[in-house]
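Build me a model:
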Amino acid sequence: MGSPGSLLAVAALLAAAAPAPGAPVRRPIQVRTLWGTPPAERGVGLGLFSADPTYRYRALVDEVAATGATHISVVWVWWQEDLRATRISNVAGWSATDEQVQDTLRYARDKGLHVTAFPIVRLKKSSRDEWRGRIAPEREDDWWQSYTDFILHAAEVAKASRAQRLCVGSELLSREAMRGRWVEVIDRVRMAAPELELLYSANWDHFEAVSFWDKVDVVGMTAYWELTRDPEASVTDLMLSWQSIRPQVEDFARRLGRPIIFTEVGYPSIDGGAAWPWDETRTAPLDQEEQRRAYEAFVRAWSGASALTGVYFWNWFGFGGPKDGNYTPRDKPAADVLRAWYRQEGER
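Predicted coordinates for the structure are as follows:
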């Protein structure tokens with residue numbers, strides 16, 4: 001996501017939050033209302049963020065499938081040193097191994113889910129305002145060669161694991177005007193893995209600037225718009241915020257002549273989670289009810305939207321439960337909203 005701040009602290013937090021395989025998920029509350037039709041791609045994002053190279057994500061994939069999801073995006077991270085660095089590589093303890101990625105992709109396919117392989121770049125060293133959207137390498141040619149190698153490697157992993165789709169980039173704002181560079185990357189991926197559908201995921205506030213939408217098969221963007229500054233905002237208040245955002249997205253899709261997918265929709269379960277959903281480094285008191293209200297407002301605001309062909313809630317990885325303030329809806333009230341929408345449960 002397009003969040004500022006030191007991502008080392010985030011990596012450490014997520015690494016510590018590896019849920020126990022098969023950990024019990026609480027019994028869902030009764031949901032009495034159906035909110036409308038979900039998009040064709042009913043997705044959940046799963047970050048492979050455990051520091052343990054032997055950790056297996058199959059139990060979490062099982063839980064994702066049980067929500068009624070039809071699609072899953074499997075996200076893993078390679079790293080560059082800082083904004084100016086030119087080399088991207090995996091880092092032991094911070095990057096999922098190829099074996100973990102392949103096992104998760106294959107298992108998700110075997111569960112009947114449509115699978116997107118979603119590699120991303122992050123910075124090992126960053127200040128408050130530095131993140132991958134501001135990458136400015138000392139030597140462009142070297143950076144692009146390293147990035148191409150990274151994506152080609154991910155394509156081979158995805159191909160070998162029978163994934164259907166590959167994300168060729170996510171939230172790389174400072175790179176998006178470089179059409180020629182992207183055309184070269186995308187063409188090489190298509191030669192190496194022609195069976196893969198290709199996706200790019202733009203940032204929620206920068207999707208107009210992408211210069212190569214015509215070169216990818218799927219138009220994606222994150223959905224971390226600020227909805228309110230009031231931690232007690234009601235579902236109705238949050239829906240009113242979406243009323244000013246939805247026409248912008250629909251107009252963009254209409255001008256592009258293509259539907260879009262939200263590659264990440266998520267809120268940390270803390271006070272202000274709906275105010276700064278893009279800021280994964282922020283700390284505040286626990287507020288899982290605010291997360292639930294934000295989920296419900298999204299569902300109510302976007303049900304039946306013809307411009308939206310898919311949505312992926314971020315991120316199933318993590319302990320979850322009543323004491324967890326991270327993004328995962330796992331074992332929280334927000335998961336009941338997700339499940340009811342995806343399964344179309346409740347009373348009419």
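
For the residue nearest to Gly266 when sequence neighbours are not counted, list the residues it contacts.
Nearest residue to Gly266 in three dimensions, chain neighbours excluded: Trp314, at 3.4 Å (CB to CB, 6 or more residues apart in numbering). C-beta: built from backbone N, CA, C; applies to glycine. Trp314 is in contact with Met1, Gly45, Glu264, Val265, Gly266, Tyr327, counting by CB atoms under 8 Å, 6 or more residues apart in numbering.

which residue ranges form the helices in the stretch 101-250 of the chain?
With DSSP state H, counting those that start in this stretch applied, the stretch 101-250 of the chain shows helices at 140-160, 179-192, 235-256, listed in chain order.

what's the longest one in contact with?
Outside of helix 235-256, the residues within contact range by CB under 8 Å, 6+ apart are 207-208, 213, 219, 221, 225-228, 230, 259-260, 274, 293-294, 296-298, 300-302, 305, 307-308.

Helix, strand, or coil at Val44?
Applying DSSP: H, G, I helix; E, B strand; the rest coil to Val44 yields a three-state assignment of strand.

Any idea how many residues pack against it?
28 (other CB atoms under 10 Å).

follow-up on the earlier one: nearest to Ile88 among the contacts of Trp314?
Met1 (18.5 Å; CB to CB).

Tell me the confidence at that closest one?
pLDDT, Met1: 62.

Need the three-state assignment for the one residue sitting closest to the centre of the chain.
In the chain, the residue lying closest to the centroid (CA atoms, centre = their mean) is Glu264, at 3.7 Å. Following three-state DSSP, the label given to Glu264 is strand.

Contact partners for it?
Per CB under 8 Å, 6+ apart, neighbours of Glu264: Met1, Gly45, Ser201, Thr222, Ala223, Tyr224, Tyr312, Trp314, Asn315.

just these: which has the poorest pLDDT?
The minimum pLDDT among the contacts of Glu264 falls on Met1, with 62.

Present the helices of the stretch 101-250 of the chain as CSV; the columns should include mean pLDDT.
Putting those into CSV (pLDDT from 0 to 100) gives the following:
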stretch, mean pLDDT
helix 140-160, 98
helix 179-192, 98
helix 235-256, 96
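
do you know which of the ones you listed lies nearest Ala96?
Short answer: helix 140-160, nearest of those by CB to CB, at 10.2 Å.

Can I get that closest one in CSV, CA atoms only?
Coordinates of each C-alpha in helix 140-160 appear next as CSV, following Å, rounded to 0.1, in the frame of the first residue of the first chain:
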residue,chain,number,x,y,z
GLU,A,140,18.0,4.0,-14.0
ASP,A,141,19.3,1.4,-16.4
ASP,A,142,20.6,-0.7,-13.4
TRP,A,143,17.4,-0.4,-11.5
TRP,A,144,15.2,-1.4,-14.4
GLN,A,145,17.4,-4.4,-15.2
SER,A,146,17.1,-5.5,-11.6
TYR,A,147,13.4,-4.9,-11.5
THR,A,148,12.9,-6.8,-14.8
ASP,A,149,14.9,-9.8,-13.4
PHE,A,150,12.7,-9.7,-10.3
ILE,A,151,9.4,-9.7,-12.3
LEU,A,152,10.7,-12.4,-14.7
HIS,A,153,11.6,-14.5,-11.7
ALA,A,154,8.2,-14.0,-10.2
ALA,A,155,6.7,-14.9,-13.6
GLU,A,156,8.6,-18.2,-13.6
VAL,A,157,7.4,-19.0,-10.1
ALA,A,158,3.8,-18.1,-11.0
LYS,A,159,3.9,-20.2,-14.2
ALA,A,160,5.4,-23.2,-12.4
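
and the angle from it to helix 179-192?
Angle between the axes of helix 140-160 and helix 179-192 is 30 degrees (criterion: axes from the mean of the first three to the mean of the last three CA atoms, to 10 degrees).

hang on, the earlier thing: could you export the contacts of Glu264 as a markdown table, including distance to Ile186?
Output for the contacts of Glu264, formatted as a markdown table (distance: CB to CB, whole Å):
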| residue | distance to Ile186 |
| --- | --- |
| Met1 | 23 |
| Gly45 | 22 |
| Ser201 | 14 |
| Thr222 | 20 |
| Ala223 | 24 |
| Tyr224 | 25 |
| Tyr312 | 21 |
| Trp314 | 24 |
| Asn315 | 26 |
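
Restricted to strands, list these.
Gly45, Ser201, Thr222, Tyr312 (DSSP state E).

Please consider this matter closed, and thank you.
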